[in-house]
Each structure stands twice: as C-alpha cells, then as structure tokens.
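Engineer: Take this sequence and fold it.
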Amino acid sequence: MSDALQRLLDRQDIADCLTRFARGMDRFDRSLFLSAFHADATIAAGPFVGSPEDCWDWAVPMHKAAQVLHHHALLNHSADINGDTAHAETYYQFIARNRPFEPGGDETVMLAGGRYIDRLEKRDGSWRIALRTNLIEWSCLQPALPLPFGEVPDLMLNGASARDPDDASYLRPLVNRRPAQRP
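Structural biologist: Numbering: from 1, shown residues only. Prediction:
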C-alpha cells in the first residue's frame, strides 16, 4: 500500500508543479513560475529555447505588450513515473484578450492549443520540470465581444482580476468585497 500511496503523492506533486507554472505566468508571479522548474532546466516554446529565467524575461514583456489578460488552462494530463524521473504530457488551451494593435482598433481573442511535453525530476524531495517542449498544435483569432456590463448590473462590484498579487486569489483569508444579499 505504501508504494501506491507514494505514486499518488508523486502524481499530485507533478500536477501541482504544472499548475504553479500556469498560475505564475497568468498572474505575472515570477517566483511562482520559477518554482515549477529546476534552475538548470531547458524550455522550448515557439522560437525560444533557454533557461526558466530567460523564458520569463522573454515571455512576460511579450504578454504585457500584446494582451490585456490571458489564461493557460491545463487539460488532459498523463505522467509516466519511474523513480525520481517522470515524463508527462499535458494538453493545454491558451486564451488571451489581445490589445488593439492601433489606436481605435478592435481587441481580438487569441485561442491556441497544444501539449506540454515535460521531463520532470524529483530532487531533494521536490518535483520540478527539467526539460520542456511546447507543441503548439492550433491557433486562431476571434472577434472580442463586450462584457455584459449593461445586462448584468454591478457585475464587477466584487472586483476584477489582476495580473499581479493584487488578484483576489492571493487574499488570505479570502473575503468577498461585498456582504451577502438575500433576495
């Protein structure tokens, strides 16, 4: 039973590692992003190949300049674990609301999907990515639709998302900005 329990714990630690990467990038939380990778890891993403720190330095200015917001949604996941090494495949969808490229231009929504192919290593009891290849398999641009502010009164009174530690996901303890209302 202890081998089965350890396997489950390893699988959960690997899933948590992948989530740290996605959340770190979406919230522009450098330390969280870097915590998903060993310092000597190599990442291949589009035209970029390099270290986790260099990937951060390449990706964040690009996302800040091009997008108002983005989500790295992790989907199907499999991991082959052999001792302190694992090979994982994780499907993803990338969704972003782009900034207008010219004054008065319309925002578009970028959709992309693919798979992260990772080799993870457990070092000093911690699973982190040692090698990543990002396979981008499809993408498209869609026209943006306005948020339904007119149809849904007070839609944003509980706050809006932020791409930094001001985001509600960092609040401890979590509290709503408005008290409960009974109809």
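Engineer: So which residues of the chain form strands?
Structural biologist: 37-45, 48-50, 67-82, 85-98, 108-123, 126-143 (DSSP state E).
Engineer: Sketch out the low-pLDDT regions of the protein for me.
Structural biologist: 1, 102, 104-106, 147-156, 158, 182-183 (pLDDT under 70).
Engineer: In terms of secondary structure, what does the longest helix along it contact?
Structural biologist: Counting by DSSP state H, the longest helix found in the chain is helix 2-26. Here helix 2-26 touches helix 30-34, helix 52-66, strand 67-82, strand 85-98, strand 108-123, strand 126-143, going by 3 or more Cβ pairs under 8 Å, 6 or more residues apart in numbering; DSSP states H and E. All C-beta atoms are positioned from the backbone trio N, CA, C, and that covers glycine.
Engineer: what residues does the last one touch?
Structural biologist: Residues from elsewhere that reach strand 126-143, judged by Cβ atoms under 8 Å, 6 or more residues apart in numbering: 10, 13-14, 17-18, 21, 35-38, 40-46, 86, 98, 106, 108-121.
Engineer: That strand pairs with which strands, and in what direction?
Structural biologist: Strand pairing for strand 126-143, determined by DSSP bridges: strand 37-45 (parallel), strand 108-123 (antiparallel).
Engineer: With distance to Gln93 and mean neighbour count added, can I get the ones you listed in JSON lines?
Structural biologist: Output for these, formatted as JSON lines (distance: least, Cβ to Cβ, whole Å; neighbours: other Cβ atoms under 10 Å):
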{"stretch": "strand 37-45", "distance to Gln93": "15", "mean neighbour count": "18"}
{"stretch": "strand 108-123", "distance to Gln93": "5", "mean neighbour count": "18"}
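Engineer: Please produce CSV containing those strands, extended by distance to Pro179.
Structural biologist: Formatted as CSV, the strands paired with strand 126-143 follow (distance: least, Cβ to Cβ, whole Å):
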stretch, distance to Pro179
strand 37-45, 42
strand 108-123, 34
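Engineer: Quick check: which of those strands is nearest to Leu171?
Structural biologist: strand 37-45 (26.5 Å; Cβ to Cβ).
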